[in-house]
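Student: Model the following, please.
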Amino acid sequence: MINLREYELKENTLLIIPPESIIQLIEATEEYDFQMLAVQLNFLSIMQKEDLINIYSRQCTLLHLNEEECDLINQYFLLLWDITQAATFQREAIQHLLSSLLYTVQYITKKHINESETKLNRQVDIFHRFIDLVNQHSKTERNVAFYADKLCLTPRYLNTVIKQSSQQTIMEWINQSVILEAQIRLKYSNLMIYEIAEELSFANPSFFCKFFKKMTGMTPLEYQKK
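Tutor: Numbering: from 1, shown residues only. The predicted structure is shown next:
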């Protein structure tokens, strides 16, 4: 699960994950194997890097590659690995090779979209755009009307669509996003509980603690020490 959406990765699958994503591994087979490449956004040195970064910073991209595409991507990974392991770190070579890889993935993505015969129906499209908004704004916005307004829909209609698409209400999705943000901060930051409450726009730490216990069955301090 990445940013509240579930993804199933199979053989010859390529997944591009945007920055600051929350990733949860739900299940994996015993024989799973994958390669991963992580890079800071400011590492690219090409002139058009802002355009390239914007493509990959909006939402996850999941591609099911054919054998030719998979072989091409694997060659990039092998070459990047070999260059990073060289005696002298070849920064410029890595930067340009990485840029070439991203442009290649962009080309493959466009090709898959053009060849696809299936399109999202309206409800699924609304649901996906709603989840993207929740990931962006749940730390500060917990009002149904805010999300409905962003999607140019009435709150009642948006509630109906989300319930029909996911069997969860808007507030359940928002609360789930807030809890994930809180858990990440409690486990992987040096912030005090009152600072986390403030970052997540709770009126005071007491409200935050009550909300956290209601959602998880334990207090923030208990979760932190778990």
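
Student: domains of this protein?
Tutor: In the domain annotation for the chain, the residue ranges read 13-115, 122-225 (automatic domain parsing).

Student: I'd like those domains written out as JSON lines, with distance to residue 1 and mean pLDDT added.
Tutor: Every residue, glycine included, has its C-beta placed from N, CA and C. As requested, the domains of the chain are arranged in JSON lines below (distance: least, CB to CB, whole Å; pLDDT from 0 to 100):
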{"stretch": "domain 13-115", "distance to residue 1": "4", "mean pLDDT": "82"}
{"stretch": "domain 122-225", "distance to residue 1": "9", "mean pLDDT": "93"}
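
Student: Give me whichever of the ones you listed is most buried.
Tutor: domain 122-225 (a mean of 16; mean count of other CB atoms under 10 Å).

Student: you'd agree residue 14 is in a strand?
Tutor: Yes: counting by DSSP: H, G, I helix; E, B strand; the rest coil, residue 14 is part of a strand.

Student: Three-state assignment for the nearest residue to it once chain neighbours are set aside, please.
Tutor: Closest residue in space to residue 14, ignoring its immediate chain neighbours: residue 63 at 4.5 Å, by CB to CB, 6 or more residues apart in numbering. When classified by three-state DSSP, residue 63 comes out as strand.

Student: my read: residue 63 touches residue 109, true?
Tutor: Yes: the criterion here is CB atoms under 8 Å, and residue 63 meets it with residue 109 at 6.3 Å.

Student: burial of the residue lying closest to residue 23 once chain neighbours are set aside, as a residue count?
Tutor: Nearest residue to residue 23, sequence neighbours excluded (CB to CB, 6+ apart): residue 2, at 5.3 Å. By the criterion of other CB atoms under 10 Å, residue 2 has 17 neighbours.
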